[in-house]
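**Q** From the sequence below, what's the structure:
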Amino acid sequence: MADSASERRLVLAFDFGTRRIGVAVGNELLGSATQLEPLVARDGIPDWSCVAALVEEWQPDLFVVGLPLNMDGSESEMSLRARKFGRRLHGRYGRPLEMFDERGSTREAKRIAHQAGHSGNYRRDSVDGIAAELILTGWFEYQSHGQRLHMPRP
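**A** Next up, the predicted model:
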């Protein structure tokens, strides 16, 4: 179980993508997450001034980046790129970084959006923020149960 200092951590989570990067913020004590406006990316590279503005506004204690593993648990090219993005976040802002298995988050985000009446045009109306929110709530659940994924560190 997390100690009282870590339970108060504010966390920024990211759903890495090559065109958009979903973002969510949450409080570990409450175990809740809220999606924010996705970041526009060019070949996986965000406008770092926008990321800096998020860090300045929210003052997170920790970053969580979704790790897009294949269904068999193996890594893909996108896994490597998400890790690189996470390393850059950590390097630029000096906050701890956790990579978290995000398998199924985009599919679940699309299901949630569809139930809410989404048109199905995900390029125009993305679900990246929902995916980031799912990643963060999943990470909170693992933390509250004292479980850790056995995944390589970034």
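**Q** what ranges do the helices span in this structure?
**A** 4-7, 48-58, 77-93, 105-115, 128-144 (DSSP state H).
**Q** could I get these as JSON lines with distance to N70?
**A** (C-beta placed from N, C-alpha, C; glycine too.) Written out in JSON lines, the entries for those read as follows (distance: least, Cβ to Cβ, whole Å):
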{"stretch": "helix 4-7", "distance to N70": "31"}
{"stretch": "helix 48-58", "distance to N70": "27"}
{"stretch": "helix 77-93", "distance to N70": "8"}
{"stretch": "helix 105-115", "distance to N70": "14"}
{"stretch": "helix 128-144", "distance to N70": "17"}
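**Q** Can you list the strands that the lengthiest strand in the chain pairs with?
**A** Counting residues, the longest strand found in the chain (DSSP state E) is strand 32-42. Next to strand 32-42 in the sheet, as set by DSSP bridges, lie strand 20-27 (antiparallel), strand 45-46 (antiparallel).
**Q** how far out from the middle of the chain is the last one?
**A** Meaning strand 45-46. A distance of 14 Å separates the centroid of the chain from that of strand 45-46, by Cα atoms, centre = their mean, to the nearest Å.
**Q** what do you get for stretch 75-82?
**A** Offset of stretch 75-82 from its chain centre (Cα atoms, centre = their mean): 14 Å.
**Q** on that earlier part again, which other residues reach the longest strand of the chain?
**A** Residues from elsewhere that reach strand 32-42, judged by Cβ atoms under 8 Å, 6 or more residues apart in numbering: 11, 13, 17-26, 46-47, 50-51, 54, 126, 128-130, 132-133, 136-137, 140.
**Q** pLDDT weak spots in this protein?
**A** For the chain, the stretches with pLDDT under 70 are 1-7, 108-110, 112-126, 146-154.
**Q** repeat that for 90
**A** Regions of the chain meeting the criterion pLDDT under 90 cover residues 1-9, 28-32, 68-73, 101-131, 138, 141-154.
**Q** ok, T18 to R107 distance?
**A** Distance, T18 to R107, using Cβ to Cβ, to the nearest Å: 18 Å.
**Q** Return the set of buried residues in the longest strand of the chain.
**A** Buried residues in strand 32-42, counting neighbours by 16 or more other Cβ atoms under 10 Å, are found at A33, Q35, L36, P38, L39, A41.
**Q** Next one: the closest residue in space to the second one that isn't next to it in sequence relative to E37, how far apart?
**A** It stands for Q35. Spatial nearest neighbour of Q35, chain neighbours left out: G129 (3.3 Å); criterion: Cβ to Cβ, 6 or more residues apart in numbering. G129 sits 7 Å away from E37, going by Cβ to Cβ.
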